[in-house]
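J.: Sequence first, predicted model second:
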4 protein chains.
Amino acid sequence: MKKSDKNITIQNLKDIAKKFRDDRDWAQFHSPKELAIDMSIETGELLELFLWKSKEEIAEKLISDISFKQNISDELADVVHACLAFANSADIDLSSAVITKIEKTAQKYPIEKAKGLTKKYTEL
Amino acid sequence: MKKSDKNITIQNLKDIAKKFRDDRDWAQFHSPKELAIDMSIETGELLELFLWKSKEEIAEKLISDISFKQNISDELADVVHACLAFANSADIDLSSAVITKIEKTAQKYPIEKAKGLTKKYTEL
Amino acid sequence: MKKSDKNITIQNLKDIAKKFRDDRDWAQFHSPKELAIDMSIETGELLELFLWKSKEEIAEKLISDISFKQNISDELADVVHACLAFANSADIDLSSAVITKIEKTAQKYPIEKAKGLTKKYTEL
Amino acid sequence: MKKSDKNITIQNLKDIAKKFRDDRDWAQFHSPKELAIDMSIETGELLELFLWKSKEEIAEKLISDISFKQNISDELADVVHACLAFANSADIDLSSAVITKIEKTAQKYPIEKAKGLTKKYTEL
């Protein structure tokens, strides 16, 4: 069966990130702080692909320019890789963390108040 | 069964992020560019938890300070939430993206050359 | 005479940042690495003011919304403050650094090739 | 007289950034939002120079490794260049912004309370 988001668990990805790290004996460098710095660097590289470009240009390039789409996929993957390594290093269950946090955020942004708006919850 | 990284797929998390977005009619704001900006903001909030702190202090607080651990978990979750929303918006299969990219990175950092070192691949 | 960009030197601002730091005995925390992390956090706070907003909305708010303009000014100031503290910590003459780097960038982006374009220099 | 932080005003640097922009007809791209994104990207490039390195390694390299020092100076300059372009675009007097903001921050961190500590002002 082809590997895809439908059949890969978070643990599968965490294990791949862990093997990549341990094969290279890099656990010694993977503190949460360094990995958060790495996340910030990788996010900057993703952002660079969008700099100076309008939403329309980007939407068009995502369809017509295969190497642009590939670069975006690769840079997003680097950010997610850093997140997985972080979760491994800080011993965090990512699924629980995400589900719990989205529930908190949902309470800050109740549907009836936040629908269709971009205001911060402090202004709702 | 308790939800955890072992039984939650990437698609499960993407669906939760999609429902959160669609309940609020926010797809109109969720362009890849805005979500990359959001990723950068959320990464900054995660980094703030580590600012001025040594690795030793952080390791100690991760064990002894429950609210510190919770804050880290929440801020990491916000970054991952933005990544999921990005993957939804740009129609990216995250598992394939991460697995493909880690294979590329593994080739840039061959085990025999990179083991135990932090050099950039251009310097190996 | 009113203090303004016309009569304040970079050294004047560096001295203000240094006094702020030394009054609090914070030089011990001000390593270049921590200050680069701080720069990243502060840039995230500036970016947050623009998240989800179109250029038109922002341009309009910059004129009509005094507290928006003030918040932007404050967050930009925090980034610049971190840059000044960094220059103090790493003993960098900022003026020389900026002038030298803009000359390098000008060579990467020759006027006749780069005029009116947003391409990266590697694509010119 | 050699140009240095002692005799270069903020306006001098802003004018250099403005000329660089106008020579290339780039004012059309320089909205505050894009420049804040640029700031974030450039900060990531600065951070990358410190990733995985301890404070001791960095302090040592700053003295012994001329190209490391030059790279840091160049990347810091790119961040500051983006700040200057932002101030030009949003019509902000940087000196007033920085001096005003440092005074506010000084009130949040009174010397007698904050001396020698890294706590956030909300915890002092």
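T.: Alright, I've got the coordinates. Numbering: from 1, shown residues only, chains lettered A, B, ... in the order given.
J.: residues contacting the closest residue to residue A:25 other than its chain neighbours?
T.: Distances taken as C-beta to C-beta, 6 or more residues apart in numbering or on different chains put residue B:116 closest to residue A:25, at 4.6 Å, once the chain neighbours are dropped. C-beta here means a position set from N, CA and C on the backbone, and glycine is covered the same way. Residue B:116 makes contact with A:24-26, A:28, according to C-beta atoms under 8 Å, 6 or more residues apart in numbering or on different chains.
J.: What remains of those if I keep only buried residues?
T.: When those are checked for burial by 16 or more other C-beta atoms under 10 Å in any protein chain shown, the buried set is A:24, A:26.
J.: Show me which positions of stretch A:11-24 end up buried.
T.: Applying a neighbour-count criterion of 16+ other C-beta under 10 Å, one finds A:11-14, A:16-18, A:20-21, A:24 buried in stretch A:11-24.
J.: typed the wrong thing, it's stretch A:25-44
T.: Neighbour counts over stretch A:25-44 (16+ other C-beta under 10 Å) mark A:26, A:29-44 as buried.
J.: Let's see which of these end up in strands.
T.: Among the buried residues of stretch A:25-44, none falls in strands (DSSP state E).
J.: For the residue positioned nearest the centre of chain A, give me its contacts.
T.: For chain A, the residue nearest the mean C-alpha position is residue A:80 (4.2 Å; C-alpha atoms, centre = their mean). Neighbouring residues of residue A:80 by C-beta under 8 Å, 6+ apart: A:13, B:80, B:83, B:94, B:97-98.
J.: distance from the centroid: which residue in chain A tops it?
T.: Most distant from the centre of chain A: residue A:112, at 27.9 Å, with distances by C-alpha atoms, centre = their mean.
J.: is the strand or helix carrying that one anywhere near chain B?
T.: Assigning secondary structure by DSSP states H and E places residue A:112 in helix A:111-114. Yes - counting by C-beta under 8 Å from any C-beta of the partner chain, chain B has neighbours in helix A:111-114: A:111, A:114.
J.: For that helix, buried residues please.
T.: Buried residues in helix A:111-114, counted by 16+ other C-beta under 10 Å: residue A:114.
J.: For that helix, what does the pLDDT average out to?
T.: The pLDDT scores in helix A:111-114 average 95.
J.: what distance separates that helix from the centre of its chain?
T.: 26 Å (C-alpha atoms, centre = their mean, to the nearest Å).
J.: Then stretch A:62-71?
T.: With C-alpha atoms, centre = their mean, you get 19 Å for stretch A:62-71.
J.: And it, what's buried?
T.: A:62, A:68-69.
J.: Residues touching that stretch, excluding its own?
T.: Stretch A:62-71 is contacted by residues A:49, A:61, A:72, B:32, B:90 when judged by C-beta under 8 Å, 6+ apart.
J.: can you put those in CSV and add distance to residue C:103 and pLDDT?
T.: Shown next, in CSV, are the contacts of stretch A:62-71 (distance: C-beta to C-beta, whole Å; pLDDT from 0 to 100):
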residue, distance to residue C:103, pLDDT
A:49, 27, 98
A:61, 32, 95
A:72, 32, 98
B:32, 34, 97
B:90, 37, 96
